[in-house]
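Trainee: based on what follows, work out the 3D shape:
(one chain, ligands or ions: 1)
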Amino acid sequence: MNVLIIGAGAAGSVVAKKCAMNPSIFEKIHLASRSVGKCEANQKWIKDKLGIDIGISALDADNVAETVALINKIKPDLVINMALPYQDLAIMDACLETKTNYMDTANYEPIDEAKFEYKWQWAYQDKFKNAGITAVLGCGFDPGQTNIYCAYAQKNLFDEIHEIDIVDCNAGDHGKAFATNFNPEINLREVTQAGKYWENGRWVETHPLEFRKMINFPQVGEKAAYLLYHEELESLCRNIKGLKRIRFWMTFGDEYIKHMEVLQNVGMTRIDPVLHNGVEIVPIQFLKTLLPEPSSLAEGYTGKTSIGCIMTGLKNGEKQTRFIYNVCDHAKTHEEVAAQAVSYTTGVPAVTGAIMLAKGLWNPGPGVFNVEQLDPDPFMDEVAKQGLPWHEKSLENGLGELTERRQKYAA
Ligand code: NDP
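Mentor: Numbers count the residues shown, from 1 in each chain. Below is the predicted model of the structure:
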């Protein structure tokens with residue numbers, strides 16, 4: 001497969017390196033990004049450590065004509081979009097114009113509104129069908145691997161799944177007072193918005209991080225997790241049969257929440273332009289400039305991520321709860337590809353999805369697909385080989401009702 005990776009940040013670097021570690025599948029690799037220096041650093045690492053040559057280019061993927069020109073030059077079989085959600089539609093347009101398959105790890109979000117939704121990308125269904133090309137949406141960890149855990153459970157473990165709780169813990173320590181594990185702008189936009197979950201066919205809104213639960217995470221132990229809205233809920237509530245409720249939980253330390261709330265209270269997470277000394281600036285973009293780049297956290301990062309899906313449903317008429325999860329160690333991923341575990345757990349599923357397409361193990365035909373619509377079994381085998389082994393166990397019960405409200409929202 002000839003692959004073009006767009007975005008040489010924390011997660012994109014992992015995709016480039018892991019593709020290079022599978023030379024029998026990825027015969028040609030090209031990495032393009034806004035700052036070509038990041039592409040050069042990856043090119044050098046890949047040459048020095050793996051002896052593989054990859055191509056690189058500077059690219060502004062907001063500019064469709066520029067991306068079309070690069071695709072026409074490289075002629076990739078697949079474009080893996082590892083830039084930011086803002087670029088999704090522009091890159092999909094370039095893929096349409098050049099009739100090239102597309103994959104990403106995060107759904108489109110307009111830059112001037114902190115609202116991510118699949119509707120913009122699902123609207124490409126007919127265009128992709130007519131062009132005879134395939135788009136695979138959300139092939140990172142969450143969304144991505146978590147959707148595939150649900151699809152695997154639907155296919156192999158349950159007759160009907162009634163409740164899903166996606167539980168995401170990063171119990172790592174990067175030694176910084178405040179930093180985000182993926183792009184700071186995208187991360188803060190996600191965490192500061194209202195929460196939402198899906199129950200009995202409708203969306204229920206919550207205040208930002210209103211509900212909290214202590215969850216026992218494998219290999220990590222009990223941590224406080226907060227209910228927030230995450231994009232995979234939107235596709236899973238359509239694609240998992242019999243579903244009655246789906247929620248998403250993420251752990252945050254007290255220090256993270258304290259910093260985030262102060263930044264929010266003073267207006268530093270605002271996404272609208274403000275006039276500063278006669279110049280328009282967007283506070284969250286300025287904040288991103290000040291915060292550490294997620295890729296820079298890798299060195300010295302200790303601890304583990306522990307992420308998975310707790311699912312309750314019926315098998316042969318009996319109620320069961322199953323937990324499928326992965327645990328990933330920051331120090332080990334740093335040793336392997338000089339990246340922290342959040343970037344690694346994002347990049348490895350994307351590479352695995354590309355392997356599925358290259359081998360024809362995912363062959364859905366033309367159109368736009370979320371990953372849970374594709375066969376989970378070969379993916380689950382391959383992703384374990386690529387560095388994300390998964391585990392499955394039975395639990396007595398699911399997570400149960402929402403009980404603990406954060407102090408500031410207590411009635
Ligand atoms: P980074 O900020 O580290 O990387 C983003 C990269 O995209 C940067 O190198 C940036 O360039 C580049 N970029 C930004 N705008 C453009 C543009 N217009 N044209 C070309 N390149 C551009 O973020 P991450 O690597 O942490 O995240 C990358 C993506 O992965 C995001 O969409 C994020 O939402 C997604 N993600 C998905 C997860 C999942 O599990 N599904 C988990 C974590 C992340 P520059 O260096 O010049 O700024």
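Trainee: so what does the one helix or strand Glu205 maps to touch, helix or strand wise?
Mentor: Element membership for Glu205 (DSSP states H and E) is strand 202-206. Applying 3 or more Cβ pairs under 8 Å, 6 or more residues apart in numbering; DSSP states H and E, one finds that strand 202-206 makes contact with strand 195-199. (Glycine included, C-beta is placed from N, CA and C.)
Trainee: identify all contacting residues around the strand it packs on.
Mentor: Strand 195-199 has contacts (Cβ atoms under 8 Å, 6 or more residues apart in numbering) with 203-211, 226-229, 233, 237, 243-248.
Trainee: list only buried entries from these.
Mentor: Buried subset of the contacts of strand 195-199 (neighbour count, 16 or more other Cβ atoms under 10 Å): 206, 208-211, 226-229, 233, 237, 243-248.
Trainee: and the residue lying closest to Lys155 once chain neighbours are set aside, backbone torsions?
Mentor: Distances taken as Cβ to Cβ, 6 or more residues apart in numbering put Pro376 closest to Lys155, at 6.0 Å, once the chain neighbours are dropped. Pro376 adopts backbone torsions of phi -80, psi -20, taken as degrees, to the nearest 10.
Trainee: show the end-to-end separation of stretch 191-207, please.
Mentor: Using Cα to Cα, to the nearest Å, one end of stretch 191-207 lies 11 Å from the other.
Trainee: how close does the residue in the stretch 201-350 of the chain that the ligand sits nearest to sit to Ala58?
Mentor: With Cβ to the nearest ligand atom, the shortest gap between the stretch 201-350 of the chain and the ligand falls at Thr346, namely 3.9 Å. Note on Thr346: its distance to Ala58, by Cβ to Cβ, to the nearest Å, is 23 Å.
Trainee: next one: Arg406
Mentor: 44 Å.
Trainee: show the pLDDT at the nearest residue to Gln125 once chain neighbours are set aside.
Mentor: Leaving aside its sequence neighbours, Gln125 sits nearest to Val368 (Cβ to Cβ, 6+ apart; 4.8 Å). The model reports Val368 with a pLDDT of 98.
Trainee: what pairs with the helix or strand hosting Val368, parallel or antiparallel?
Mentor: According to DSSP H and E, Val368 maps onto strand 367-370. Applying DSSP bridges to the sheet, strand 367-370 is found paired with strand 134-137 (parallel).
Trainee: the partner strand and the ligand, any residue contact?
Mentor: No: judged by Cβ under 6 Å from any ligand atom, strand 134-137 stays clear of the ligand, getting no closer than 10.2 Å.
Trainee: next secondary structure element downstream of that strand?
Mentor: According to DSSP H and E, the helix or strand after strand 134-137 is helix 145-156.
Trainee: how about the helix or strand just after that following helix: buried residues?
Mentor: Per DSSP H and E, the first helix or strand lying C-terminal to helix 145-156 is strand 160-170. Residues Ile161, His162, Glu163, Ile164, Asp165, Ile166, Val167, Asp168, Cys169, Asn170 are the ones in strand 160-170 that count as buried (16+ other Cβ under 10 Å).
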